[in-house]
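**Q** Sharing a sequence plus its predicted fold:
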Amino acid sequence: MSELLKWDLIAEESLKIHHSKQLYELPLQQSEILIRAMLRKDENWTKILAIRNQWLTDPLSQQILDKRFNFEQALLFITESDFDRARFFINKEANDLIN
């Protein structure tokens with residue numbers, strides 16, 4: 001589905017299955033899919049922020065976040081204080097990657 005750019009469906013399905021689990025309870029591939037799919041759609045950012053905050057309360061989940069998802073976590077920290085600035089950086093990164 002990611003190749004078809006169906007990120008909203010991927011995010012919705014992943015969220016249904018994993019919304020109440022700690023990060024250490026998820027297989028690595030599933031956690032990557034959940035986080036990346038949620039970040040692809042603006043309307044899901046509040047949900048992934050809430051999930052990330054839940055994960056930060058657990059030391060093992062926090063350790064996985066720090067080790068495996070430091071870019072995504074940095075992006076979420078930026079968006080908490082200034083969503084427009086984060087959007088600018090995301091667009092800049094995408095343009096740099098394409099060019």
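**A** Received it, and whenever you're ready, just let me know what you need. Note that the structure is predicted; figures quoted are calculated from it, not measured.

**Q** which one is the residue nearest in space to the middle of the chain nearest to, not counting chain neighbours?
**A** For the chain, the residue nearest the mean C-alpha position is I35 (3.0 Å; CA atoms, centre = their mean). Closest residue to I35 apart from its sequence neighbours, by CB to CB, 6 or more residues apart in numbering: E72 at 5.3 Å. Quick note: C-beta positions are derived from backbone N, CA and C, even for glycine.

**Q** So the one you found sits against M38, correct?
**A** No - counting by CB atoms under 8 Å, E72 does not reach M38; the two are 9.2 Å apart.

**Q** where exactly do the helices run in the protein?
**A** Using DSSP state H, the helices of the chain run over residues 7-18, 28-39, 45-56, 59-68, 70-81, 83-98.

**Q** and among those helices, the most buried is which?
**A** Of all those, helix 28-39 has the most neighbours on average by mean count of other CB atoms under 10 Å, namely a mean of 18.

**Q** I'd like to know which helix or strand in this structure has the lowest mean pLDDT.
**A** helix 83-98 (a mean of 71; mean pLDDT, DSSP states H and E).

**Q** For it, which helices and strands make contact with it?
**A** On a contact count with 3 or more CB pairs under 8 Å, 6 or more residues apart in numbering; DSSP states H and E, helix 83-98 meets helix 70-81.

**Q** The helix it packs on vs helix 45-56, what angle?
**A** Taking axes from the mean of the first three to the mean of the last three CA atoms, to 10 degrees, one finds helix 70-81 and helix 45-56 inclined to each other by 120 degrees.
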